[in-house]
Structures are given as structure tokens and as C-alpha cells.
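In: structure, please.
(one chain, ligands or ions: 1)
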Amino acid sequence: MSAPTASTVPLLRAQNLAKRFGGLMAVADISFDLYGGEILAVIGPNGAGKTTLLNLLSGLYRPTTGQLQLMGRDVTNLSMEERCHLGLGRAFQIVRPFPEMTVLENVTVGALFGKSGTSLGTARAQAWELLEFTGLSAHADKPAHELTLLQDKRLEVARALATQPKVLLLDEVMAGLRPGESQEAVELVRRVQAGGVSVLFIEHIMPVVRDLAHRVVVMDAGRVLAQGTYAQVVREPRVIEAYLGSEMSSEVGVEAEVASGAGH
Ligand SMILES: Nc1ncnc2c1ncn2[C@@H]1O[C@H](COP(=O)(O)OP(=O)(O)OP(=O)(O)O)[C@@H](O)[C@H]1O
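Out: Model (predicted):
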């Protein structure tokens, strides 16, 4: 995908973020910007620190050092809830709706959580719109535990959107989906971005990264190994090297060949 025109102030700016667990620097030094209208992928081998980074961005963890700005405001020491109210939404890899509540109720809770002072009626109306947007309106009255995995993921995105984020953080939303289903999920993320929400996502499935991301940050051992377009990063020798021995090495190797035009 071609990159949108970047506005001057990034929506999200990570500066030298680090997170230590005992003797381990899970995130050692990460800096990047996310601009309005962008879809940014964070990739890297297992243990690279991607989930820890997402936890630092959402506010689940406080960084050991470094800073995070949201729309120019320092949010490093704000809680998850405070960041959410300022426009940072998150959907989780492990989907966790309230299982006994209906699909509509689950999204309504998200709408009530996102903006203080929203009436129940307004929240329900917003939730309906989001069920239509995410293709779940036919399942509005079902208890959430009756949904399929793909529908669960749609629900998770709807709940996150209900908080009216400017930036949506997605943690491996394609995990466990069949190819046709991940294509549907890709379309949903595109529609989210087209609706004015910037997206940062962690993903292991390289074709999804290639199809969806305007820009890619490659992490390894808690650091940024490379950043750029998908075509740029997959031909970086240090990226290919970092993936050697991981289950993605063949995928990256193939993509690198494609990117460099090898074999033509
Ligand atoms: N809460 C924690 N306490 C201690 N160590 C942790 C904790 N969370 C993560 N780690 C360690 O930090 C490193 C980075 O883990 P993280 O889960 O962020 O990597 P990842 O890139 O998301 O990996 P994967 O692709 O396998 O999910 C790993 O060595 C992991 O064992």
C-alpha cells in the first residue's frame, strides 16, 4: 500500500523506550513515530519484545526508561484508562469479551468506557453503528461466547473502536484465522484506517504485513533492526539474518527474493 502524506506532529511518538524484567532488557531501545492515517506493522522473531512494546504503548507496563507521546502530549506516566480516554485503543490477541453478555452489550460497555458522560442510549446507538461497521449486526443479541473466532476478533475490534480511538493497537489479530478469514480481517483493518484511525499492529503472518502495512518496524532483541516499507525491510540483510532459524525465515527469504527481483 502507498503511504499517506505524513502530518508533521506524529500521533504517537516512542522515544528510546526500554523495559527491564530483572536482568533481561525485553525492550532495550525503541524509537518510532506513527502518523495520522498510517498503518504500521511491528514484526520480529519470537522473543524480540513486540508484546512487551505493545504493553508499554497501551500503558499496561511503565517503561524503565524512555518516553511516549500521544498527539504531542507526554503520556509516559499515564494509566491504560487515561491513555484510552486520550485516544489510544487496544484489541488483544487473546480475545476477552464478557462471555455471558450479548455482542451489543459488550460493545455498549466499550462506548460507555471511552467517553465519560455518554448516556446509555447514545452508547447503544454507537454500538449498533459499530456492529454494522464490523459486520456483526446479525449477531447483536447472541451471547459473546457463541461467536466464532473471526466474529470474536470483529467484536474485539468493535469494542476497541467504541472507545473512539485515534490510534488502535492490534496484537496478532490474525492469529488462528484461516486464509479466507484473515483476508476478511485485513479488509476490516483497512476500513478502520479509512475511517480515520491510525493502526499499529503486531503480526507474524508476512503476507498480511505486506498487504496491510504502509510502514514496518522490525524488532530484534528489544531494538529496532530496520524500519521502512515492507519491500525495503525484507531485503535488509540484517533482517533476513535475524529471521534465520525462526519459522519465518523461509517466508522472509522468499519475500526478499521477490523484492530484489531475483529469479527474473
Ligand atoms: N512479564 C515478563 N517477565 C519476565 N520476562 C518477560 C515478561 N514478558 C516478556 N518477557 C521476556 O521478554 C522477552 C520479550 O518477550 P515478548 O513477549 O515481548 O516478545 P515477542 O516479540 O512478543 O515474542 P512472541 O513473538 O514469541 O510473542 C522474552 O525473552 C520474554 O521471555
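In: what parts of the protein come near the ligand?
Out: Within the chain, the positions near the ligand by CB under 6 Å from any ligand atom are 21, 24, 26, 44, 46-52. Any C-beta I mention is one placed from the backbone N, CA and C, and that applies to glycine too.
In: could you dump those residues to TSV with neighbour count?
Out: What follows is those, written out as TSV (neighbours: other CB atoms under 10 Å):
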residue	neighbour count
21	11
24	12
26	22
44	26
46	9
47	15
48	23
49	25
50	24
51	17
52	24
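In: lowest pLDDT pick from those?
Out: Minimum pLDDT for these is recorded at residue 46 (90).
In: any idea how far that one lies from residue 204?
Out: 9 Å (CB to CB, to the nearest Å).
In: how much space between the residue nearest to residue 72 when sequence neighbours are not counted and the ligand?
Out: Spatial nearest neighbour of residue 72, excluding adjacent residues (CB to CB, 6 or more residues apart in numbering): residue 9 at 5.2 Å. With the distance defined as CB to the nearest ligand atom, to the nearest Å, residue 9 ends up 28 Å from the ligand.
In: so where do the helices sit in the stretch 1-150 of the chain?
Out: 50-58, 80-86, 103-114, 120-133, 149-162 (DSSP state H, counting those that start in this stretch).
In: quick one, what contacts the closest residue to residue 203 other than its chain neighbours?
Out: Once flanking residues are discounted, residue 203 sits nearest to residue 209: 5.2 Å by CB to CB, 6+ apart. Residue 209 makes contact with 41, 43, 203, 216, 230, according to CB atoms under 8 Å, 6 or more residues apart in numbering.
In: since that was my last question, I'll sign off now.
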